[in-house]
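Chemist: Got a predicted structure here, sequence first:
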Amino acid sequence: MPSLGRLHLITDTRAGRRPLAVLGAVLPVAHAELVVQVRVEDGATDRQAYDLARRVVELCRPYEVSCLVNDRLHVALAVGADGGHVGADDLPVTAARRVLGPAAVLGATAREPVTATAAVSAGASYLGVGPYRATSTKDGLPPAIGAAGVRAVAEVVGVPVLAIGGVTGEDVRALRAAGAYGVAVVGALSGADDPARTAAALIRELTC
Ligand SMILES: Cc1ncc(COP(=O)(O)OP(=O)(O)O)c(N)n1
Ligand SMILES: Cc1nc(C(=O)O)sc1CCOP(=O)(O)O
Ligand SMILES: [Mg+2]
């Protein structure tokens, strides 16, 4: 299984955002600590997801940066991605593992210890744990779990825990102290004035 980077950049495909430009800026500074998760809006077609994922894989390849696809595991397989990420509305983790195979990176969303341990038993190789704090990037999320919620999960699993939801560079120290291995972000990079500088700062905080 490929080693897992600590900074997960999740593509921002909301209107007006430029996911490929942001990725192009971040890749040269991020090296092995970057993982890219291709996430499209729920209403996007499979063809749109495929076209974006194919371009992301192409961009990442020269940098040896891993690429995962959110939800749509057939797209992950079709573009030769390194794996995928599933949550409560997606394929169950056991089924996702069967689809992707034993060597793939498979992430699962877990919001509390019980679902976290179940996801790991079912074959998850890392967990996305959140929302750390309230975020406007995604609708319909449950209340924020904060550092205590991240810690509660990190304490009971042996796989990397990535904190997600409203995370910025200023949160990294507290999240690492709570047991997080890394962070997954949308807005912190997509909305940054200088995504390369922001990514470099995040990686410094994640690896110091
Ligand atoms: C790293 C990471 N953590 C959590 C999620 C959320 O997944 P999910 O709950 O399935 O919600 P959607 O992203 O599919 O809307 C994630 N994508 N990545
Ligand atoms: C896609 C997603 N999933 C979440 C969860 O808690 O499951 S929070 C989230 C959005 C993360 O975006 P930002 O970094 O801009 O807050
Ligand atoms: Mg999902």
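Modeler: Yep, it's here. Ligands and ions are numbered 1, 2, ... in the order given.

Chemist: Enumerate the residues of the chain near ligand 3.
Modeler: Proximity of the chain to ligand 3 (C-beta under 5 Å from the ion) is limited to residues 71, 87, 90. Where C-beta positions appear, they are placed from N, C-alpha and C, glycine not excepted.

Chemist: out of the residues you listed, which are buried?
Modeler: 71, 87, 90 (16 or more other C-beta atoms under 10 Å).

Chemist: Distance-wise, check the second one relative to Pro142.
Modeler: Between Gly87 and Pro142 the distance is 12 Å, computed by C-beta to C-beta, to the nearest Å.

Chemist: again with the first one
Modeler: Taking C-beta to C-beta as the measure, Asp71 and Pro142 are separated by 18 Å.

Chemist: okay if I get the buried ones among the residues of the chain next to ligand 3 as JSON lines plus distance to Arg111?
Modeler: What follows is those, written out as JSON lines (distance: C-beta to C-beta, whole Å):
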{"residue": "Asp71", "distance to Arg111": "17"}
{"residue": "Gly87", "distance to Arg111": "9"}
{"residue": "Asp90", "distance to Arg111": "14"}
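
Chemist: Could you single out the nearest of the residues you listed to ligand 2?
Modeler: Using C-beta to the nearest ligand atom, Gly87 is the member of those that sits closest to ligand 2, with 6.4 Å.

Chemist: For that closest one, which non-adjacent residue is spatially closest?
Modeler: Excluding the flanking residues, the one nearest Gly87 by C-beta to C-beta, 6 or more residues apart in numbering is Thr109, at 3.7 Å.

Chemist: Now for that neighbour, which secondary structure element holds it?
Modeler: For Thr109, the enclosing helix or strand under DSSP states H and E is strand 105-110.

Chemist: which is the next helix or strand following that strand?
Modeler: Assigned by DSSP H and E, the successor of strand 105-110 is helix 113-121.

Chemist: Which positions in the chain make contact with ligand 1?
Modeler: 8, 37, 39, 70-71, 85, 87-88, 90, 107, 109, 128, 138, 162, 164, 184 (C-beta under 6 Å from any ligand atom).

Chemist: and the longest helix out of those in the chain, how far from the chain's centre?
Modeler: The residue-count maximum for a helix in the chain (DSSP state H) belongs to helix 46-60. For helix 46-60, the separation from the chain centroid amounts to 16 Å (computed by C-alpha atoms, centre = their mean, to the nearest Å).

Chemist: give me every residue that touches the residue nearest to Gly87.
Modeler: By C-beta atoms under 8 Å, 6 or more residues apart in numbering, the contact set of Thr109 is 85-88, 127-130.

Chemist: Need the per-residue pLDDT for it.
Modeler: Looking at Thr109, its pLDDT reads 98.

Chemist: Let me know the closest of the buried ones among the residues of the chain next to ligand 3 to Val156.
Modeler: Minimum distance to Val156 across those is 18.8 Å, recorded for Gly87 (C-beta to C-beta).

Chemist: List phi and psi for the closest one.
Modeler: phi -130, psi -160 (degrees, to the nearest 10).

Chemist: One more: Leu162?
Modeler: According to degrees, to the nearest 10, Leu162 has phi -110, psi 120.

Chemist: So, low pLDDT: which residues of the protein?
Modeler: 1-2 (pLDDT under 70).

Chemist: helices or strands up against the longest helix of the chain?
Modeler: Helices and strands touching helix 46-60, by 3 or more C-beta pairs under 8 Å, 6 or more residues apart in numbering; DSSP states H and E, are helix 19-30, strand 34-38, strand 66-70, helix 73-79.
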